[in-house]
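**Q** how does the following fold in three dimensions:
(one chain, ligands or ions: 2)
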Amino acid sequence: MNCIFCDIIAGRADASIVHEDDDVMAFMDIRPWTSGHLLVVPKRHAANLSELDPADGEKVFAAGQKVARALRGGSAPVEGVNFFLADGAVAGQEVFHVHLHVLPRTRGDGFGLRGVPRSPSREDLDGAAERIRASLVSE
Ligand code: 5GP
Ligand code: ZN
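**A** Ligands and ions are numbered 1, 2, ... in the order given. Now for the predicted structure:
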């Protein structure tokens, strides 16, 4: 299996590492969307969210929180942080090893999501909630 993030974790590929423990690694994104953009990855390979052990997901999120705190308390001016995770090609996933993007934000940094919010009725929202609840129950 060819996975660039597994190569980084194993030390076969270069990365600028910010944090490493038994379960997760955080390193700088090679093509940052904002200054300081980094990625948090589980060490155990999981191509997508459905393959990810929820325990590893907890560790990835906890490491993301830790790094976000460090970014906010660091020397560079950081006024906010976005977390972003793409699951599936249509969602923008390009590397098929789960990773949490951690994006330090400053006013006017140019980063933004392009989505236009819709205005569904309560009936539409209730219908959507009911369909999702049914899938949760049948899991
Ligand atoms: P995705 O679109 O899958 O959510 O994001 C993949 C991210 O991985 C991109 O932001 C891309 O810049 C980053 N990336 C791809 N290859 C490498 C690499 O070899 N090293 C590092 N550090 N980041 C990478
Ligand atoms: Zn991998």
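**Q** flag every residue of this structure that's near ligand 1.
**A** Neighbours of ligand 1 within the chain, by Cβ under 6 Å from any ligand atom: 4, 15, 27-31, 86, 92-95. The C-beta positions use only the backbone N, C-alpha and C, and glycine is treated the same way.
**Q** just the buried subset of those residues, please.
**A** Buried members of the residues of the chain next to ligand 1, counted by 16 or more other Cβ atoms under 10 Å: 15, 27, 29, 86, 93.
**Q** ok, back up a step: check the residues of the chain next to ligand 1 and tell me the two furthest apart.
**A** For these, the farthest-apart pair by Cβ to Cβ is 15 and 92; their separation is 21.0 Å.
**Q** which other helices and strands does the top helix by length along the chain contact?
**A** Taking DSSP state H as the criterion, the chain has its longest helix at helix 54-73. With contacts taken as 3 or more Cβ pairs under 8 Å, 6 or more residues apart in numbering; DSSP states H and E, helix 54-73 sits against strand 17-20, strand 24-28, strand 38-42, strand 80-84, strand 100-105.
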